[in-house]
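K.L.:
Would you be able to build a 3D model of this:
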Amino acid sequence: MRLFGRTMTAAAVLVMTTSISFAEDVEVLHWWTSGGEAAALNVLKDNLGSAGTGWVDMPVAGGGGEAAMTALRARVTAGDAPTAVQMLGFDILDWAGEGALADLTATATAEGWDKVVPAALQKFSTADGSWVAAPVNVHSTNWVWINKAALDATGLAAPTTWDELVAVLDKMKEAGITPLAHGGQPWQEATVFDGIVLGMGGGLYQKAFVDLDPAALGGPEMAMAFDHLIKLRTYVDDNFSGRDWNLASAMVINGEAGMQMMGDWAKGEFLKAGKVPGTDFVCIRFPGTQGSVTFNSDQFAMFNQTDPAAQEAQVAMAKAIMDPVFQSAFNVVKGSVPARTDVSNEAFDDCGKKGMADLAEANTAGTLFGSMAHGHAAPASVKNATYDVITAAFNGEYADGAAAAAALAEAVAAAQ
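P.N.:
So this is what the prediction gives:
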């Protein structure tokens with residue numbers, strides 16, 4: 001496979017356990033700009049610094065990574081790609097298809113990555129039989145983060161079904177607290193919708209978002225999912241539009257809101273604020289999704305380099321990313337779980353342990369799905385078309401869920 005390019009956020013993660021020292025700096029393009037994310041990023045920076053490698057930061061704010069990918073394309077087009085770039089899902093495969101990424105197969109084979117990385121992740125780590133990226137973590141998107149004091153005030157237990165969720169939200173609303181903290185950005189609405197559709201059961205998520213089955217996309221189950229999304233809009237405050245996800249997390253942390261439906265990167269915000277799982281906040285799977293996991297995975301792919309020293313550095317970076325000790329240290333801070341299935345859960349808190357157990361269970365049961373909202377279910381063109389319909393539905397642009405489902409089926413068909 002022809003690979004030309006150079007994305008290697010790996011650069012950042014990298015030299016964790018290697019003794020190799022590099023003379024040149026690494027420029028890292030990423031979107032880890034919130035407090036919790038920055039804390040995790042420091043793990044990478046410190047590891048590089050201890051190995052004698054300098055860090056040139058290129059942050060591009062935006063939780064879904066779209067702005068970062070736009071910046072990357074501009075840099076590559078100008079012939080000035082960064083050394084390292086954080087990447088997700090189909091973006092990795094798109095760059096590989098352009099012949100842009102260095103081949104990591106020799107390193108991956110020597111270290112047995114195929115035996116410890118879940119197959120669902122390998123779909124995005126490999127292209128045409130070659131390893132093109134090293135995954136640093138697994139985030140799952142079907143989480144709900146609840147302020148424990150707000151939950152206790154309702155007199156109800158953490159919800160496990162849709163009806164129980166509505167009951168809790170209603171009680172919070174009656175108490176004068178904003179029930180649902182949300183940021184009005186398309187990727188955030190899509191993240192909420194990930195959980196809703198996964199919770200519908202009957203294989204709807206696979207059929208609609210992975211198989212792109214028109215009947216599933218426009219059918220009665222999807223119509224009900226949109227009705228649920230429209231219902232959730234009634235629990236959001238009036239100032240949600242454009243709010244960054246971490247500011248929504250802060251609302252829950254500070255007791256201004258009852259809960260947030262967000263991926264497990266939100267946990268990093270709670271931890272940075274000194275909050276303790278089970279004491280200050282509760283982590284649950286989106287009601288109805290127990291036993292299933294939707295995921296995204298931050299991966300680091302290297303662009304081709306002609307300098308032998310740079311190529312050697314890439315190998316060292318890739319090895320360091322996949323080191324079990326680093327995977328534990330990084331993910332404890334990030335809120336995610338290791339991309340390797342053989343990493344101990346000893347250092348993780350209760351939510352982290354649950355995340356690791358859920359991932360293992362879903363991987364075994366075949367209920368581990370790439371997140372539609374985060375570019376791991378379908379290519380970008382389909383994802384963006386889906387975003388448009390979901391956000392329109394959330395903002396009341398369709399008469400009901402059935403109309404939104406019909407629009408979704410039409411939009412996905414047009415995007416393929």
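K.L.:
Find the centremost residue of the protein, please.
P.N.:
Centre of the chain computed as the mean C-alpha position; nearest residue by CA atoms, centre = their mean is residue 296, 4.1 Å away.
K.L.:
Got phi/psi on that residue?
P.N.:
The phi/psi pair for residue 296 (degrees, to the nearest 10) reads phi -130, psi 160.
K.L.:
was I right about it contacting residue 374?
P.N.:
Yes. Here residue 296 lies in contact with residue 374, judged by CB atoms under 8 Å, at a distance of 3.6 Å. The C-beta positions use only the backbone N, C-alpha and C, and glycine is treated the same way.
K.L.:
before we move on, back to that, what pairs with the residue nearest to the centre of the chain across the strands?
P.N.:
Residue 296 has the following beta-bridge partners by DSSP bridges: residue 139.
K.L.:
OK, contacts around it?
P.N.:
Counting by CB atoms under 8 Å, 6 or more residues apart in numbering, residue 296 makes contact with 88, 89, 138, 139, 141, 263, 370, 371, 374, 375, 376.
K.L.:
Leaving out the residues flanking it, which one is nearest to the last one?
P.N.:
Spatially, and ignoring its direct neighbours in sequence, residue 376 is nearest to residue 370 (3.0 Å; CB to CB, 6 or more residues apart in numbering).
K.L.:
quick one, domains of the protein?
P.N.:
As assigned by automatic domain parsing, the chain contains the domains 10-139+297-351, 140-294+371-415.
K.L.:
looking at the ones you listed, which has the lowest confidence?
P.N.:
Note on these: domain 10-139+297-351 shows the lowest mean pLDDT, a mean of 83.
K.L.:
Could you check how far that one is from the centre of its chain?
P.N.:
Relative to its parent chain, domain 10-139+297-351 has a centroid offset of 14 Å by CA atoms, centre = their mean, to the nearest Å.
K.L.:
thinking again about what came up before, name the residues contacting each of residue 296 and residue 374.
P.N.:
Common neighbours of residue 296 and residue 374 are listed as 88, 89, 139, 141, 263 (criterion: CB under 8 Å, 6+ apart).
K.L.:
and those, which of them are in strands?
P.N.:
When those are checked against strands (DSSP state E), the matches are 88, 139.
K.L.:
Dump the shared contacts of residue 296 and residue 374 into a markdown table; add distance to residue 340 as well.
P.N.:
Conversion of the shared contacts of residue 296 and residue 374 to a markdown table gives the following (distance: CB to CB, whole Å):
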| residue | distance to residue 340 |
| --- | --- |
| 88 | 18 |
| 89 | 19 |
| 139 | 15 |
| 141 | 20 |
| 263 | 19 |
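K.L.:
ranking the shared contacts of residue 296 and residue 374 by neighbours, who comes first?
P.N.:
Highest neighbour count within these: residue 141, with 28 neighbours (other CB atoms under 10 Å).
K.L.:
thinking again about what came up before, hmm, the residue nearest to residue 376 is touching residue 119, no?
P.N.:
No. Assessed by CB under 8 Å, residue 370 is found out of contact with residue 119, at 11.3 Å.
K.L.:
can you pull out the strands in the chain?
P.N.:
Counting by DSSP E, the strands of the chain are 26-30, 55-59, 84-88, 126-127, 130-131, 134-135, 139-140, 143-147, 178-181, 257-261, 281-285, 293-296, 298-300, 368-370.
K.L.:
export those to CSV and tack on distance to residue 397?
P.N.:
Putting the strands of the chain into CSV (distance: least, CB to CB, whole Å) gives the following:
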stretch, distance to residue 397
strand 26-30, 33
strand 55-59, 33
strand 84-88, 28
strand 126-127, 38
strand 130-131, 43
strand 134-135, 37
strand 139-140, 29
strand 143-147, 26
strand 178-181, 20
strand 257-261, 21
strand 281-285, 29
strand 293-296, 25
strand 298-300, 33
strand 368-370, 27
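K.L.:
List just the one of those that sits closest to residue 101.
P.N.:
Nearest to residue 101 among these is strand 126-127 (7.7 Å), distances taken as CB to CB.
K.L.:
Which strands and helices lie in contact with that closest one?
P.N.:
Counting contacts by 3 or more CB pairs under 8 Å, 6 or more residues apart in numbering; DSSP states H and E, strand 126-127 packs against helix 89-97.
K.L.:
And the helix it packs on, what's buried?
P.N.:
Within helix 89-97, the residues that qualify as buried are 89, 90, 91, 92, 93, 94, 95, 96, counting by 16 or more other CB atoms under 10 Å.
K.L.:
swap in stretch 383-399?
P.N.:
For stretch 383-399, the neighbour count (16+ other CB under 10 Å) marks 383, 384, 385, 386, 387, 389, 390, 391, 392, 393, 394, 398 as buried.
K.L.:
Next, format these as TSV and append distance to residue 193.
P.N.:
As requested, those are exported to TSV (distance: CB to CB, whole Å):
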residue	distance to residue 193
383	12
384	14
385	13
386	8
387	9
389	10
390	5
391	10
392	12
393	9
394	8
398	14
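K.L.:
Quickly name whichever of the residues you listed is closest to residue 123.
P.N.:
residue 383 (15.4 Å).
K.L.:
Now do the contacts for the residue nearest to residue 149 when sequence neighbours are not counted.
P.N.:
Distances taken as CB to CB, 6+ apart put residue 255 closest to residue 149, at 6.3 Å, once the chain neighbours are dropped. Neighbour list for residue 255: 147, 149, 150, 177 [criterion: CB under 8 Å, 6+ apart].
K.L.:
Ok, residue 232 next?
P.N.:
So residue 232 contacts 169, 180, 192, 196, 261, 394 (CB under 8 Å, 6+ apart).
K.L.:
will you turn those into CSV that also has distance to residue 75?
P.N.:
Output for the contacts of residue 232, formatted as CSV (distance: CB to CB, whole Å):
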residue, distance to residue 75
169, 43
180, 37
192, 32
196, 36
261, 33
394, 33
